[in-house]
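build me a model:
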Amino acid sequence: MVGILVHGDNHFIVRGPLPDREVARALIQHWSIIQIGATAPRLIEGWRISTKEFREKLEWAVVVPGDSEISVGVTRLLDELALRGITVHNSHFDSW
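Numbering: from 1, shown residues only. Alright, predicted model coming up:
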């Protein structure tokens, strides 16, 4: 599966299943700070950042609120996904 994980004005295209709230936050925490040589915590081993995907392949979306606003481009993409019937989960409000 491929999805988008959004954190403020940053986002990641991710290969892996729809993460739950705990995993989404762990992914953001692990990927938001460059840690040369760091190994991924066991909790997030099933997810990988993907550098090339088609937007039509996105199957899930999760927003983890950050300190900055979501960019206009990513907001449009989230709207497009919602129109396709994909639920955009917000870790601050939703449980899934």
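
where do the strands of this structure begin and end?
Here the chain has its strands, by DSSP state E, at 2-7, 10-15, 48-49, 60-64, 88-90.

contact partners of the second one?
The set of residues that contact strand 10-15 without belonging to it, under C-beta atoms under 8 Å, 6 or more residues apart in numbering, is 1-5, 27, 31-32, 47-51, 53, 58, 66, 70-71, 74. Every residue, glycine included, has its C-beta placed from N, CA and C.

and what of the third one?
For strand 48-49, the surrounding residues in contact (C-beta under 8 Å, 6+ apart) are 12, 13, 14, 15, 16, 31.

weed out the non-buried ones from the residues you listed.
12, 13, 14, 16, 31 (16 or more other C-beta atoms under 10 Å).

residue 82 touches residue 88, doesn't it?
Yes: counting by C-beta atoms under 8 Å, residue 88 is a contact partner of residue 82 at 5.5 Å.

more neighbours, these two?
Per other C-beta atoms under 10 Å, whichever of residue 82 and residue 88 has more neighbours is residue 88, with 16 against 12.

so how far is residue 59 from the more buried one?
Note on residue 88: its distance to residue 59, by C-beta to C-beta, to the nearest Å, is 12 Å.

kindly report the same for residue 30.
22 Å.

which one of these two has more residues nearby?
With neighbours defined as other C-beta under 10 Å, residue 30 and residue 59 compare such that residue 30 has more, 16 against 13.

of the contacts of strand 10-15, keep whichever come out buried.
With neighbours counted by 16+ other C-beta under 10 Å, the contacts of strand 10-15 contain buried members at 2, 3, 4, 5, 27, 31, 47, 58, 70, 74.
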